[in-house]
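J.: sequence and predicted structure below; questions after.
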Amino acid sequence: MSAIIELEHISKHYSPTIIGVDDVTLAVEDGEFVTLLGPSGCGKSTLLRMIGGFEAPTQGTIRLADKDVTFEPPYRREVNMVFQDYALFPHMTVGENVGYGLKVQGLGRAEIETRVHEALKLVGLFDKLKLRPQQLSGGQRQRIALARAIVRRPKVLLLDEPLSALDAKLREQMQIELKHLHEKVGITFIMVTHDQTEALVMSDRVVVMERGRIAQEGRPQDLYDHPASPYVANFIGTTNFLPGQIARVEGTTAEITLGGGRLSALLDAPLPAGTRVTLGCRPEKLRMLAEGESAANILEGRIAEVIYYGLGLRIAVELSDGARVHVDSLLPDRLARSAVPPVGLAVRVAVEPHNVFVFAGDVAP
């Protein structure tokens, strides 16, 4: 595969003190689904708009298929953008909305009709050809916006929070539909979202943004299992954080003292004894031990809160030093449906060394 989009040292400065994007270098492969993920104000939408030509960078170079398009207007780039609000024309039919861009390009009526029909079949809405946007559901309007973008056969499709206007259930459904659409059309998708689930479910690669810079990028599973910082660990999934200090290092294994005990963890990078660290562990990687059961790492505490969320429980355990960790437990797995543990119960919680993240520094996010 070759890069279809290349960003080299891209920055966007709104003033000497307000920096939207700060020295970003990124290559996106042809046919890849890449998601720019992060909270509001991290620079992800600004970066997307610069790729689309809606904003000009303060410095840096943007290449599309080896062509420098840094200062080309949107209509001179082979990209299309799907906006949050879909921007459909209410006075036009679905077919007219989808074909509008082709009409502006000057294509003939027969060619427009053929391509509109193809695009609507791709998104499963050919039967809505004659309806108007206000006669459609939110999910259908979103698919019409996608059809309108795809019908022009761009090299890259840009999606700015495309599912943000949908309710939770429809949003889940559309995540899968959008992923399948990407597989069907085979073009490059670059999406912006603040929703970690969307990023994990849909993307080939996730780029986590922080204060205008790339905090970490990689495959969803790699970011989830090997976050580079507490910021990434906290943004990709839910993470328990505990402050500690390395007491001893043997090879790649460190023994770490905490306020509530000791843990062994595997180090991704060498850290000497005495280093202050922040430990992270996912709630689903922790488990409640039965009486008499042993484990490599054990934390002792009392149950402070139990939250039922359908598939299972999230149990807050308060350790002896007052810190809390959350444990996710599937009801059919470790707990009988009728045996929800009571608040105040003394418990032991285990976590395997390879499931503990170790970050240098003692400041959790």
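T.: Nice, thanks for sending it over. Residues are numbered from 1 along each chain as shown.

J.: all the helices of the stretch 201-350 of the chain, residue numbers only.
T.: Secondary structure of the stretch 201-350 of the chain by DSSP state H, counting those that start in this stretch: the helices cover 220-225, 230-235, 331-334.

J.: what does stretch 85-102 contact?
T.: By C-beta atoms under 8 Å, 6 or more residues apart in numbering, the residues outside stretch 85-102 that reach it are 80, 111-113, 115-116, 119-120, 125, 128-134, 136, 141-142, 144-145, 147-148, 151-152, 165. Any C-beta I mention is one placed from the backbone N, CA and C, and that applies to glycine too.

J.: and the gap between residue 32 and residue 154?
T.: From residue 32 over to residue 154 the distance is 14 Å, taken as C-beta to C-beta, to the nearest Å.

J.: and for residue 239?
T.: In this view, residue 239 and residue 154 are 37 Å apart by C-beta to C-beta.

J.: give me the more crowded residue out of the two.
T.: Set side by side, residue 239 and residue 154 show more neighbours around residue 239, with 22 against 19, by other C-beta atoms under 10 Å.

J.: give me the pLDDT for that one.
T.: On pLDDT, residue 239 comes in at 94.

J.: repeat that for the one 3 residues further on.
T.: Here the pLDDT value assigned to residue 242 is 94.

J.: okay, now it: neighbour count?
T.: 23.

J.: ok, what's across the strand from the nearest residue to it once chain neighbours are set aside?
T.: Excluding the flanking residues, the one nearest residue 242 by C-beta to C-beta, 6 or more residues apart in numbering is residue 279, at 4.7 Å. According to DSSP bridges, the residues that bridge with residue 279 are residue 242, residue 358.

J.: tell me where the model's unsure across the protein.
T.: 1, 331-339, 363-365 (pLDDT under 70).

J.: return the residues in contact with residue 65.
T.: Contacts of residue 65 by C-beta under 8 Å, 6+ apart are 4, 78, 155.

J.: now it: how far from residue 30?
T.: Separation of residue 65 from residue 30 (C-beta to C-beta) stands at 8 Å.

J.: what sits in contact with each of those two?
T.: Shared contacts of residue 65 and residue 30, defined by C-beta under 8 Å, 6+ apart, comprise 4, 155.

J.: which residues does residue 183 contact?
T.: If you count contacts by C-beta under 8 Å, 6+ apart, residue 183 has none.

J.: quick thing: my sequence starts at 9, can you match it?
T.: Yep, numbering from 9; the last one is residue 191 now.

J.: among the contacts of stretch 93-110, which ones are buried?
T.: Buried members of those, counted by 16 or more other C-beta atoms under 10 Å: 88, 120, 123-124, 127-128, 133, 136, 140-141, 144, 149-150, 152-153, 155-156, 159-160.

J.: which of the residues you listed fall in strands?
T.: Among the buried ones among the contacts of stretch 93-110, the members falling in strands (DSSP state E) are residue 88.

J.: what's whichever strand or helix holds residue 118 packed up against?
T.: Take DSSP states H and E as the rule and residue 118 turns out to sit in helix 117-130. Helices and strands touching helix 117-130, as assessed by 3 or more C-beta pairs under 8 Å, 6 or more residues apart in numbering; DSSP states H and E, comprise helix 102-113, helix 146-158, helix 176-193.

J.: just the ones you listed: most buried one?
T.: helix 146-158 (a mean of 23; mean count of other C-beta atoms under 10 Å).

J.: tell me how far that helix lies from the chain's centre.
T.: In terms of C-alpha atoms, centre = their mean, to the nearest Å, the centre of helix 146-158 is found 21 Å from the chain centre.
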